[in-house]
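*Asks:* Return a 3D structure for these sequence lines:
(chains A and B)
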Amino acid sequence: MSEQQRKAFPFSEFEPKWQDEWEAKKAFHTPNPGDADFDATKPKYFVLDMFPYPSGAGLHVGHPEGYTATDIIGRFKKMSGFNVLHPMGWDAFGLPAEQYAIKTGQHPRITTEQNIEGFRGQLKRLGFAYDWDREVNTTDPGYFKWTQWIFLKLYNAYVNEEGKARPISELEAQGLSRAEIDSRRLAYISEAPVNWCPELGTVLANEEVVDGKSEVGGFAVERRPMRQWMLRITAFAQRLIDELDGLDWPESIRLLQRNWIGRSEGAHVTFKVVQSSGLPSEAAETAAPHSITVFTTRPDTLFGATYMVIAPEHSLVDQIAAPEQAAAIAAYRRVVGSKSDLERTELAKEKTGVFTGAYAINPVNNEQIPIWIADYVMMGYGTGAIMAVPAHDTRDFEFATKFDLPVKQVVQPPAGKDWQGYTDDGIAIHSGFLDGLPTAEAKKKIAAWLEEKGLGKGTTNFKLRDWLFSRQRYWGEPFPIVWEDGHHHGIPESELPLLPPTLEDFRPTGTPEPPLSKATDWVRYSDTATRELNTMPQWAGSCWYYLRYCDAQNSDRFVGIEAERYWMTGSLGDNQTIGQSDNQTIGQGDNQTVSLSPHLPVSLSSPPKPGGVDLYVGGTEHAVLHLLYARFWHKVLFDLGYVSTPEPFQRLVNQGLIMGEDGQKMSKSRGNVVNPDDVVKEYGADALRLYEMFMGPLEQVKPWSMKGVEGVYRFLARVWRLVMVQHEESGVWSLSPALQDVPANKQLTKALHETIKKCGEDIEKLSFNTAISQMMVCTNAFTGAEVKPASAIVTFLKVLSPFAPHLAEELNTRIASQFPDLAVKGFLSDTVWPTYDPAALIEDEVEVVFQVNGKLRDKVRVPIAASKEEIQALALASTRVQEFMEGKPAKKVIVVPGKLVNIVV
RNA sequence: GCCGCUGUGGUGAAAUGGUAAACACAGCAGACUUAAAAUCUGCUGGGAUAACAUCCCUUGUCGGUUCGAGUCCGACCAGCGGCACCA
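*Replies:* A predicted model of the protein is given here:
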């Protein structure tokens, strides 16, 4: 017996057939506004997957989870009358291709092409309804031309007083100096300490460093000062927090972003510095050559500041340190400097530090307090200096205890709590004019006092740092920047795309010198200018790919104006009024420019949503990387008038991780990795799709089960046998004689209409597992019927088609062979989602439950129309109910019509 | 340490404040078969009992609100995830 005949249904025959047919007939081609076949009367739906990095290992089962979910939504929306944009592409710049290239000597472009080929084939074999004409590849010069173009926009923009990105030309018009302008660009050069990973031979963004190790590879990362490109994401910190509010994102992801941005309110306070404590404070004040500004969230505890700490790296250290402490300071700095970030956090328990020999003057009471350096204060946050209030800060308390520094109570905690190390709110004491005030009021009063005296003012601080944007790699977008006389400037847009040089040896140099330095001809831009040698990080291409999908073939613009507006806002503009100039402001949150088409349903004219993509599905691992970066770029493009919405993604859903059968994370070393290709080979693409959705709620972490795959496979085979029977000897399948052109009976009709209703509702909620269980219930009902009503089954196939498109299409054409008028002509995917008849759902009789004191005692079937009084009478008449009432009178009777009666005695 | 999420059968899970465990997996029994596979049918939370009748218990623990709580509120416990010397 052949392999094929043993299959419960011949999926391996018809699945490739339908995939070829969809491709040949461009079944999922999506026209843009202006295209001949574009239907302006339909609303739009933009459903997006996080595009994959095409690794050599191919798809893992996690990919089809999110992709199937969006595919079901996309197919359902298309059947429900939407213009659906559902594209796919490749995030193909990055380390693995380059590392593979280094190992094998094969150019990363070749590896990348091969991997993409493999991924594309795998995705096609799963029957996803992508518009392949819109495929994007971040390593394609036609794509990264525009990544470079957007970089130039960032480079040539600054943030004005209102927090909006504006063209740098405005500053030029104001006559600012070159240095001043360069210091305000959104893409700028910085000399600050950065995360250098020697093993990878590149610097990394904060977001790419986890526990002091590189996120990729887990190699040690050290801090060292280097000249790097930064993007001024911090200028958008407040907006990145505030504008989360209008998005339909999981609260957990919004929290993750808020915490990462880390806003805290406090005050800057300036302390004067004296060299030694020998001078009387009067004289010290006049003699003070320096001052130090600290950031604190608790200015109300200023009276309790008994010492000060500045970061060891702080530039002021050398200027204020007493000569006799110089040796100790130098030694401490060496120790701290040699520590990697990992060591610095691992050894965090024990506080270390050195006295500088200098003192600061506490402005509220003129007390001289010693200034220390310690690595628990970091250069990168606030001002790199703190006032230490050991009585009311855990870290300061530890430090003061270790070095025997004074601890002075200034907050009275509630009764029963020790004031030492008490960090919560209380009442100010020993604090002069603040005494008696609760913490919140004390904060306000001291802030006003500081401001009045010119000693400080209220401030907001963010944990978020600017985005380190350059890498010392080969396989990335080259910067469209050249250097001349020590100055940088952007190359003309006409020179884009700037291709990387063809290099034989693209290995990292082992030093911070980027590999592009080896391409001596390429580096030389002119007699006097050389090219920037760094490349952009992997995240660059993914910051805007969703925009490119709107108009992937456009060679004149990163995205066409009309296409962007339609797919991001749903509105169709008037071509006549759209200019091409950079200053053109489409959007700006101004509704006037977003004119709605008169054809669109009224519901779409409700307040515009901030995000353009209707649904974005992907893993949670990008919560603070891609999702934050993309929002930042989008806001810059929005401010500059290039896009119509302030936010990129309106609704975000995170699919849960799929674990191995052993409940552990899938990994090669554990040997619990499931290869989707094997599953498709054995059970078919529809079974894989269906199983991934049936496992449990999309957002939940859940373990794989091959038995579970068999379960849904059996379900698909049952559906197949509703329509088909197999000849016992030959194994040939033919149309079942039980399939007839008869109306469905009442029971089947009800099952069918319940399924239409529940599946439609569940798809909108992304509750695919319950939708599938409802289809199973419906199939079981049909299986039990002797005669299978053909037209009811066709309706069922329409409901099934977004989930198991191959099987649904195949059975539809099989039915068409005998009942051409009952089956759908053409693709099921082009047909209209069925509507359910509410009347079909109503039964003549319902079961009503009788409870006594909330406990179930009896059940009775009553006509649906029975009145409250009738049901109550039936309940009181029930012998079972009377038994449990024990002759007592009913105190209260609750009747829920069609549901239950509860009698309280 | 701080923040967040999740706790329901042997397993994945379901349940607008209204019959807990739908649907599926695994298991058991039966039908078909020379046999197996496949398929179909039935049973399958725990306990009491001669009983398939019947009763009691059961959604991490303890308490509260309610005629009625897996669902709402409070406290706690456990697991997972994130952040972490951020002043």
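
*Asks:* How is chain A partitioned into domains?
*Replies:* Split into domains by automatic domain parsing, chain A comes to A:1-27+A:681-841, A:149-236+A:466-540, A:264-460, A:843-904.

*Asks:* Could you look up the SS state of residue A:326?
*Replies:* Following DSSP: H, G, I helix; E, B strand; the rest coil, we place residue A:326 in the helix state.

*Asks:* I'd like to know how many residues surround it.
*Replies:* Residues near residue A:326, counting by other C-beta atoms under 10 Å, number 14. The C-beta positions use only the backbone N, C-alpha and C, and glycine is treated the same way.

*Asks:* pLDDT score for it?
*Replies:* On pLDDT, residue A:326 comes in at 91.

*Asks:* And it, how far from residue A:320?
*Replies:* Distance, residue A:326 to residue A:320, by C-beta to C-beta, to the nearest Å: 11 Å.

*Asks:* Equivalent analysis for residue A:710, please.
*Replies:* To residue A:320, residue A:710 is 73 Å away according to C-beta to C-beta.

*Asks:* which of those two has more neighbours?
*Replies:* Legend: neighbour count by other C-beta under 10 Å for residue A:710 and residue A:320, higher for residue A:320 (22 against 15).

*Asks:* measure that one to RNA strand B for me?
*Replies:* Using C-beta to the nearest atom of the strand, to the nearest Å, residue A:320 is found at 17 Å from RNA strand B.

*Asks:* Need the nearest residue in space to that residue, chain neighbours excluded.
*Replies:* Ranked by C-beta to C-beta, 6 or more residues apart in numbering and with sequence neighbours excluded, the top spatial neighbour of residue A:320 is residue A:358, at 4.1 Å.

*Asks:* Double-check that that neighbour belongs to a strand.
*Replies:* Yes. According to three-state DSSP, residue A:358 belongs to a strand.

*Asks:* number of nearby residues for it?
*Replies:* 25.

*Asks:* on that earlier part again, got the domains of chain A as a markdown table, with distance to residue A:608 columns?
*Replies:* Converted to a markdown table, the domains of chain A look like this (distance: least, C-beta to C-beta, whole Å):
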| stretch | distance to residue A:608 |
| --- | --- |
| domain A:1-27+A:681-841 | 21 |
| domain A:149-236+A:466-540 | 19 |
| domain A:264-460 | 29 |
| domain A:843-904 | 41 |
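
*Asks:* Any idea which of those gets closest to residue A:616?
*Replies:* Ranking those by their distance to residue A:616 (criterion: C-beta to C-beta) puts domain A:1-27+A:681-841 first, at 12.2 Å.

*Asks:* what about the closest one, average pLDDT?
*Replies:* Domain A:1-27+A:681-841 shows a mean pLDDT of 93.

*Asks:* How about it and RNA strand B, touching?
*Replies:* Yes. Domain A:1-27+A:681-841 lies within reach of RNA strand B by C-beta under 7 Å from any atom of the strand, at A:8, A:694-697, A:700-703, A:705, A:707-708, A:710-712, A:714-715, A:717-718, A:767, A:769-770, A:772-773, A:776-777, A:780, A:783-784.

*Asks:* Help me confirm that residue A:131 comes into contact with residue A:32.
*Replies:* No. With contact defined as C-beta atoms under 8 Å, residue A:131 does not reach residue A:32; the gap is 10.3 Å.

*Asks:* OK, contacts around residue A:316?
*Replies:* Applying C-beta atoms under 8 Å, 6 or more residues apart in numbering, we find residue A:316 in contact with A:290, A:292, A:310, A:385.

*Asks:* These in strands, which ones?
*Replies:* A:290, A:292, A:310, A:385 (DSSP state E).

*Asks:* Among those, name the buried ones.
*Replies:* For these, a burial check counting by 16 or more other C-beta atoms under 10 Å picks out A:292, A:310, A:385.

*Asks:* Return the set of buried residues in the lengthiest strand in chain A.
*Replies:* The strand spanning the most residues in chain A, taking DSSP E as the definition, is strand A:263-274. In terms of neighbour count (16+ other C-beta under 10 Å), strand A:263-274 has its buried residues at A:263, A:266, A:267, A:268, A:269, A:270, A:271, A:272, A:273, A:274.

*Asks:* all helices of the stretch 701-850 of chain A, in order?
*Replies:* Listed in chain order, the helices of the stretch 701-850 of chain A (DSSP state H, counting those that start in this stretch) span residues A:706-723, A:746-765, A:768-784, A:790-800, A:805-818, A:838-841.

*Asks:* Need the winner for burial among those.
*Replies:* helix A:790-800 (a mean of 23; mean count of other C-beta atoms under 10 Å).
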